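Here is a sequence with its predicted model. Questions after.
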Amino acid sequence: MAQLDLRGISKSFGDTVVLRDIDLSIADGEFLTLVGPSGCGKSTLIRIIAGLEPQTAGSIAVDGAAIDHLRPHERRVAMVFQSYALYPHMTVFQNLALPLTMARLTMAERLPLLRLLSPRRRRIMAGIGQEVGTVAEQLQIDRLLDRRPAQLSGGQRQRVALGRAMVRHPAVFLMDEPLSNLDAKLRVHMRSELADLHARLRATFVYVTHDQVEAMTMSDRVAMMHGGRIIQLGTPAQLYDRPANLTVAQFIGSPTINLIKGRIDADGAIEIPGGRIGLATGLPPGSEVTVGLRPEAVVPAPLAPAFQDPVRLPARLHRRENLGPEQILHFDLLGGEKAGLICRVMGSESVVADEPVDLLFEASTCHVFDAAGERVALPASLASSPLPARPVAPLAGGSGT
Amino acid sequence: MSTAAMPFRRQLLWQKLTGAGFALPAFLLLLALHVVPLLVLAALSFTDYELGVVTFEWVGLDNYVQAFSDETFRRSLVNTLYYVAIVLPGSVILSLLVAVLVHQRKRTRSFYEIIYFLPVTSTLIAMATVWQFLLHPSLGVINAALRKLGFGEVPFLSDPDLALPTLAMIGIWQLIGFNMILFLAGLSSIPRDLYEASAIDGVGNGVDRFLTITWPLLGPTTLFVIVTTSITAFKVFDTVAVMTKGGPQGATEVILYAIYLEGFYYFRTAYASVLTLVFLTFVVIFSVIQTFVLDRRTHY
């Protein structure tokens, strides 16, 4: 078990800077997810931790001891690749056993023919066989041990890749988009299996994904990366409820957060097309701001939400997506320029298309971002009421990007 | 038969005829250039036909009996196999080594590729002449170097024990580039992920990496290289014709050269046909190995 500390990690390929001064401490047994759009540097960072890529600057330590000088297999890390990277010419058993044979047998004992001379080898291989069997049983692939990767389904290959990581009992599991090659249904299933696995192994997990749903559902903490930096680090709830900037706000959550352009008026309130939000931002009058509203924070008036003093925006239903228990309602705002707003509500037959309705939300549920896209801290007097509990959890099924 | 079926059947027939029509030119060419000559060859092997003679007699298996009791032919067959036995492992192992080394280069890779591939692009007849000069006992650069180093002169092409191995070295030199390209293609098709996964799994040094990943995954490529190299080496002719003409003392007599001599030097066309059929049999064996073994091994 291990605590992982990254200090000032930077990486450049020639003139291209991929990572800029990353500081990150991952606690022993934590499930930390690096999430971000493609090209944000998340995969490079995990490869640097694995030792597959040298960092340009900075240092990595496991339990306080630097591992920068160690080769990949000396780092007590295991990695699951997006492609699984199973050895196609080996059986499942051989794939699982390879990390152990490499560690425990001498070179001569691994060579063809020569290895037959060693009685020690037979003893060690018997032990390895037992350990492989245990892991295979845990992952329910014990019946597949004689097969080759080409004869396995995607989900089975995924398990073999996990098993190969598990046999070594590494201190840190590194996972580089391990679920992205699976179909949607299997992905949902493997998500909960991975979470269970983490709970059982109590090892440190560093998980890379571009799928915010994976990040939100499995992680203890999420580090959102963008442009080679960590732009927000926190629990999934923190990232969802208090996004540090527009990039995080837009990346986390599905459907995407509603963004409305606004301007601070003479009274200090926010003027938006078709309405006015009575929030004191502390920004000077005339400042441009962006107001973010989660789809579940906006409720059509016919559903009669119990809001105190809500903001009202006239709108017309444009499209309805029925997801079964909940509905995604796409509205066109009627005030001012053409803009849309997405609501997420539980069953709402009462909202009829083509009939103007008012959309209601409370000022306290607004996220306000300044012209640079950074979150504006709202003065305590106005934002003192605790953030309302989310009416609906982030969508469990779909991919968020 | 219903009336509606008629036009349909006619249409089907028309389609088949059209298809056959398109295939016909290629089929005729195949027939004229490969099948008919082969049949003529087989027929000639049972006659006493000589090039330029108007008449011939059927002689049954006489030519075959003569061929298999002929010391010269037996020697040329043994020499050819000896040549293959040197060139095959030499060029396959060396080209694999070169390919693995060149594959790791980044900036200089294309430089090495060109260097090693140059012999393939050159005409072997012309290169054989150059080699003859290089190996010349008194005028050649190689012997001059050996003299300087104190080894004395080595009669590469006039010593019966050295002549065939010397030709084999030239054969290896010529084949390495081509095999290297094949191995490089094979190496490029090995996913980088596998090397990274193996690095994490403890495959630490180059030898382990080669034995665990590279060599097994190059299996299909290697088999292909072995088969093509065998056929190429079996066809050795240019260097013999230019440099040794089968000598010294028949030490470099090889099958194709024997066929050439019988057919176009002594004009014993019928006898040359027998030798050609034997030669073809070997090529077919190599090809069959390729088709069956290779296809099976390619699928993991």
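The structure has been received and is ready for your questions.

Show me the residue of the stretch 151-300 of chain B that gets nearest to chain A, please.
In the stretch 151-300 of chain B, the residue that lies nearest chain A is B:Gly202 (3.3 Å; C-beta to the nearest C-beta). From N, CA and C alone the C-beta is placed, and that goes for glycine too.

That residue should be in a helix, yeah?
No - going by DSSP: H, G, I helix; E, B strand; the rest coil, the assignment for B:Gly202 is coil, not a helix.

Tell me how many other residues surround it.
B:Gly202: 20 surrounding residues under other C-beta atoms under 10 Å in any protein chain shown.

so it sits right up against A:Arg76, yeah?
No - at 11.5 Å, B:Gly202 does not count as touching A:Arg76 under the criterion of C-beta atoms under 8 Å.

Find the nearest non-adjacent residue to the residue of the stretch 151-300 of chain B closest to chain A, please.
Nearest non-adjacent residue to B:Gly202, counting by C-beta to C-beta, 6 or more residues apart in numbering or on different chains: A:Met102, 3.3 Å away.

For the stretch 201-350 of chain A, which segments count as helices?
When secondary structure is read from DSSP state H, counting those that start in this stretch, the stretch 201-350 of chain A shows helices at A:212-218, A:236-241, A:246-251.

Could you export those to JSON lines, including columns for mean pLDDT?
Below are those laid out as JSON lines (pLDDT from 0 to 100):
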{"stretch": "helix A:212-218", "mean pLDDT": "91"}
{"stretch": "helix A:236-241", "mean pLDDT": "93"}
{"stretch": "helix A:246-251", "mean pLDDT": "94"}
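
tell me the most buried of those?
helix A:212-218 (a mean of 24; mean count of other C-beta atoms under 10 Å in any protein chain shown).

gap between the residue of the stretch 151-300 of chain B closest to chain A and A:Gln151?
25 Å (C-beta to C-beta, to the nearest Å).

Against chain B, how distant is A:Arg263?
Separation of A:Arg263 from chain B (C-beta to the nearest C-beta, to the nearest Å): 51 Å.

That residue touches A:Ala269, doesn't it?
No - between A:Arg263 and A:Ala269 there is no contact under C-beta under 8 Å: 10.0 Å.

So between the two, which is more surrounded?
A:Ala269 (18 against 14).

the domain parsing of chain A - what is it?
Per automatic domain parsing, the domain ranges recorded for chain A read A:4-239, A:255-383.

Check the offset of the first one from the chain's centre.
In terms of C-alpha atoms, centre = their mean, to the nearest Å, the centre of domain A:4-239 is found 16 Å from the chain centre.

Give me every residue in the stretch 101-250 of chain A lying close to chain B.
Within reach of chain B by C-beta under 8 Å from any C-beta of the partner chain, the stretch 101-250 of chain A has these residues: A:102-103, A:107, A:110-111, A:148-150, A:164, A:168.

Determine the three-state secondary structure at the nearest residue to B:Gln290 once chain neighbours are set aside.
Closest residue to B:Gln290 apart from its sequence neighbours, by C-beta to C-beta, 6+ apart: B:Val227 at 4.0 Å. Classification of B:Val227 by three-state DSSP places it in helix.

Can you name the residues that contact B:Val227?
B:286-287, B:289-290, B:294 (C-beta atoms under 8 Å, 6 or more residues apart in numbering or on different chains).

Name the member of those with the most neighbours.
B:Phe286 (19 neighbours).

So which of the residues of the stretch 101-250 of chain A next to chain B are in strands?
Assignment to strands by DSSP state E places none of these there.

what residues are up against A:Tyr207?
A:Tyr207 touches A:31-34, A:175, A:178, A:194, A:214-215, A:218-219, counting by C-beta under 8 Å, 6+ apart.

pLDDT of the longest helix along chain B, averaged?
Looking across chain B with DSSP state H, the single longest helix is helix B:71-104. In this model, helix B:71-104 carries a mean pLDDT of 91.

Please identify the buried residues of that helix?
Across helix B:71-104, burial judged by 16 or more other C-beta atoms under 10 Å in any protein chain shown covers B:73, B:75-77, B:79-80, B:82-84, B:86-88, B:90-92, B:94-96, B:98-100, B:102-103.

what's the offset of that helix from the middle of its chain?
Taking the mean of its C-alpha atoms, helix B:71-104 sits 10 Å from the chain's own mean (C-alpha atoms, centre = their mean).

Contacts for stretch B:263-279 next, please.
The contact list for stretch B:263-279 (C-beta under 8 Å, 6+ apart) reads B:41-42, B:44-52, B:56, B:59, B:63-64, B:66-67, B:73, B:77, B:234, B:255-256, B:258-259, B:262.

picking up where we left off before, taking the domains of chain A together, which one is wrapped up most tightly?
Most buried of the domains of chain A, by mean neighbour count (mean count of other C-beta under 10 Å): domain A:4-239, with a mean of 19.

what's the burial count for the residue nearest to B:Ile190 when sequence neighbours are not counted?
Leaving out its chain neighbours, the residue that sits closest to B:Ile190 by C-beta to C-beta, 6+ apart is B:Leu217, at 4.9 Å. Neighbourhood size, B:Leu217 [other C-beta under 10 Å]: 20.

Per-residue pLDDT of residue 277, please?
In the absence of a named chain, this looks at chain A. For A:Ile277, pLDDT reads 88.

wrong one, chain B
90.

Now do it: how many residues are near it, please.
There are 17 residues near B:Leu277, going by other C-beta under 10 Å.

I'd like the distance between A:Ile60 and B:Phe224.
In terms of C-beta to C-beta, A:Ile60 sits 44 Å off from B:Phe224.

just B:Pro165 next, same as before
26 Å.

Show me which of those two is the more surrounded one.
Higher neighbour count among B:Pro165 and B:Phe224: B:Phe224, with 19 against 16, using other C-beta under 10 Å.

What score does the more buried one have for pLDDT?
85.

so is it in a helix, a strand, or just coil?
B:Phe224 ends up helix, using three-state DSSP.

Pretty sure B:Gln290 is one of the things it touches, is it not?
Yes - the criterion here is C-beta under 8 Å, and B:Phe224 meets it with B:Gln290 at 6.9 Å.
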